[in-house]
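> any chance you can model this:
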Amino acid sequence: MSDEPDHHRDLGYTETEFPPQQFSVAESERGLTISGTCPACGGRTVTTLGRGSPEGTKGFFRRGAVRTNAAPRTVTVYCECGHVHADRPADAIDAGCGAFWDVELP
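Prediction:
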């Protein structure tokens, strides 16, 4: 976690797309951790993208054959602030206010 304070605003759950955001992206043995402040509710949100291929698949390239000059990729990130938001559906795929946005990966 970061030292950034959590300035959460109590908003009702609404699926809302925001323009691409600048978030911190850190790499570890677990994968990529994307963290920052939700542009909708202001809550601290952290998403970890695990390493490796999805279960049941095999890679197409040998370890040394990965391109190093690949264009930046983007990933859609959902608010994962963990705060209770009114009207949040039980089957929501996130643990936040419903906001989502793209983050460019290094």
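> tell me which helix or strand the residue most central in space within the chain sits in.
Nearest to the geometric centre of the chain sits residue 77, at 3.4 Å (C-alpha atoms, centre = their mean). According to DSSP states H and E, residue 77 maps onto strand 73-78.
> tell me which other helices or strands that strand touches.
strand 44-50, strand 99-105 (3 or more C-beta pairs under 8 Å, 6 or more residues apart in numbering; DSSP states H and E). For every residue, glycine as well, the C-beta is placed using N, CA and C.
> switch the cut-off to 6 Å
strand 99-105 (3 or more C-beta pairs under 6 Å, 6 or more residues apart in numbering; DSSP states H and E).
> about what we covered before: buried residues, the strand holding residue 77. List them.
Buried residues in strand 73-78, counted by 16 or more other C-beta atoms under 10 Å: 77, 78.
> just the C-alpha atoms of that strand, please, in PDB.
What follows is strand 73-78, C-alpha atoms only, in PDB (Å, rounded to 0.1, in the frame of the first residue of the first chain):
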ATOM      1  CA  ARG A  73      -0.700  -2.300 -23.200                       C
ATOM      2  CA  THR A  74      -3.700  -1.000 -21.400                       C
ATOM      3  CA  VAL A  75      -5.800  -2.800 -18.900                       C
ATOM      4  CA  THR A  76      -9.300  -1.900 -17.600                       C
ATOM      5  CA  VAL A  77      -9.200  -1.300 -13.800                       C
ATOM      6  CA  TYR A  78     -12.300  -1.300 -11.600                       C
END
